[in-house]
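S.K.: A structural model of the following input is requested.
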Amino acid sequence: MKKETSENILYFPLYFYFWLHALLPLKILYILSNILFFPMFYIVRYRRKLVYQNMKDSFPEKSEKEIRRMEKAFYHHFCDYIVETIKLLHISDKETRKRVKFHNTEALQEIVDNGGSCLMLLGHYGNWEFVPSVTLWMRKGSVIFAQIYRPLKNKWFDRFFLKLRGRYHSECIAKQDTLRSILRYKSSGRPSITGFMADQTPSPANIHHWVNFLNHDTPVFTGVEKIAHKVGFSVFYFDVEKIKRGYYSVTIREISKNPKKTEEFEITNKYMEMMETTILRAPEYWLWTHNRWKHKRS
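M.R.: Reported below is the predicted structural model:
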């Protein structure tokens, strides 16, 4: 507790800046985003070599000019992501609904109204921090909304992002507690909707399946599929599209309503195919700073 208090004091100036930042309208914040782009892209050059190589390897058919254009577009979007995410400290439900529209929520509503539960798969595309606002588009009743997250090493930033991610009244579950929490939801008898960011790289010990993804031999997480087989929850995909600056569309697409009847890796393969389709539609909005292909098949 003492350590948490000292961290809060140490980071108070930063939090105060974020708080003031979030009071500004987004049209002003996008001016700050434009300013931030220059040092990030040209001076700090944040992970530029990795981003460039990821893009070049993923799209060998594209010219150097096209790759460079896509690279700059990604960093402009990444700066937008930063200012939009901090804005979550103050953004209203009304403005959120105007900027992030969900489609086909009735597919989820029907399941939870009948006492069922869902697992939602999504990726680091668009602004994923807005996706928990699906709660604003549904009749909540007794439904539990939750999201799985990977705890950050910096405890102050971890608490800060938990505050942001709980903005739309969903529970945040640490990755290591996933199965325990899902089983608890099932035993409670209450319907639940739990979101997973499943496009990251698994650790070597957790690599059990590979797919061809964006022109790479890619190791993928299979944990969500294993959980779905175990508990029988329906599986859906959040297909995010950036309509224009500050406006997103999320279409809910079915992966499987009967996961126990699917073949091994069927759910995982379908998710990766859907994620690739999302990225190919506008590649610059995916998080290219991840070292996604650091592991090679032995």
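S.K.: where along the stretch 151-298 of the chain do the strands fall?
M.R.: 171-174, 192-197, 210-213, 216-219, 234-244, 247-256 (DSSP state E, counting those that start in this stretch).
S.K.: what do you get for the stretch 1-150 of the chain?
M.R.: 100-103, 118-122, 144-149.
S.K.: Please identify which of those is closest to Y271.
M.R.: strand 118-122 (4.8 Å; C-beta to C-beta). In this view, the C-beta of every residue, glycine as well, is placed from N, C-alpha and C.
S.K.: the longest helix in this protein is where?
M.R.: Selection of the longest helix in the chain by residue count, based on DSSP state H, yields helix 64-87.
S.K.: Report the distance from that helix to the chain centre.
M.R.: Helix 64-87 has its average C-alpha position 16 Å from the chain's average C-alpha position, going by C-alpha atoms, centre = their mean, to the nearest Å.
S.K.: tell me the angle that helix makes with strand 247-256.
M.R.: Relative orientation of helix 64-87 versus strand 247-256 (axes from the mean of the first three to the mean of the last three C-alpha atoms, to 10 degrees): 100 degrees.
S.K.: Just the residues contacting helix 64-87, thanks.
M.R.: The list of residues contacting helix 64-87 from outside it, by C-beta atoms under 8 Å, 6 or more residues apart in numbering, reads 18, 21-22, 26, 29-30, 32-34, 36-37, 40-41, 46, 48, 51-52, 55-56, 59, 62, 127, 129-130, 164, 242, 245-246, 283-289.
S.K.: Now it: buried residues?
M.R.: For helix 64-87, the neighbour count (16 or more other C-beta atoms under 10 Å) marks 67, 70-71, 74-87 as buried.
S.K.: circling back to that earlier point, deepest-packed of the strands of the stretch 1-150 of the chain, please.
M.R.: When those are scored by mean count of other C-beta atoms under 10 Å, the highest mean neighbour count falls to strand 118-122 (a mean of 25).
S.K.: Check which helices and strands it sits against.
M.R.: Contacts defined by 3 or more C-beta pairs under 8 Å, 6 or more residues apart in numbering; DSSP states H and E place strand 118-122 against helix 105-113, strand 192-197, helix 223-231, strand 234-244.
S.K.: Show me what the mean pLDDT comes to for that strand.
M.R.: Throughout strand 118-122, pLDDT has a mean value of 97.
S.K.: quick one, what contacts S192?
M.R.: Each residue near S192 by C-beta under 8 Å, 6+ apart is listed here: V112, S117, C118, V143, I144, F145, A146, I182, Y185, K186, F233.
S.K.: if I look at the second one, how far off is V235?
M.R.: What that stands for is S117. Remark: distance between S117 and V235 (C-beta to C-beta, to the nearest Å) = 10 Å.
S.K.: Could you check which of those two is surrounded by more residues?
M.R.: Remark: of S117 and V235, V235 carries more neighbours, 24 against 21, as counted by other C-beta atoms under 10 Å.
S.K.: one step back: looking at the contacts of helix 64-87, which are in helices?
M.R.: Secondary structure assignment by DSSP H places 18, 21-22, 26, 29-30, 32-34, 36-37, 48, 51-52, 55-56, 164 of those in helices.
S.K.: Out of those residues, which end up buried?
M.R.: Using 16+ other C-beta under 10 Å as the burial test, the ones in helices among the contacts of helix 64-87 include 18, 21-22, 26, 29-30, 33, 36-37, 48, 51-52, 55, 164 as buried.
S.K.: Figure out which of the strands of the stretch 1-150 of the chain is closest to V250.
M.R.: Smallest distance to V250 across the strands of the stretch 1-150 of the chain (C-beta to C-beta): 4.9 Å, for strand 100-103.
S.K.: Partner strands of the closest one, with direction?
M.R.: Neighbouring strands of strand 100-103 in its sheet, by DSSP bridges, are strand 247-256 (parallel).
S.K.: Any buried residues in the strand it pairs with, and which?
M.R.: By neighbour count with 16+ other C-beta under 10 Å, strand 247-256 contains the buried residues Y248, V250, I252, R253, I255, S256.
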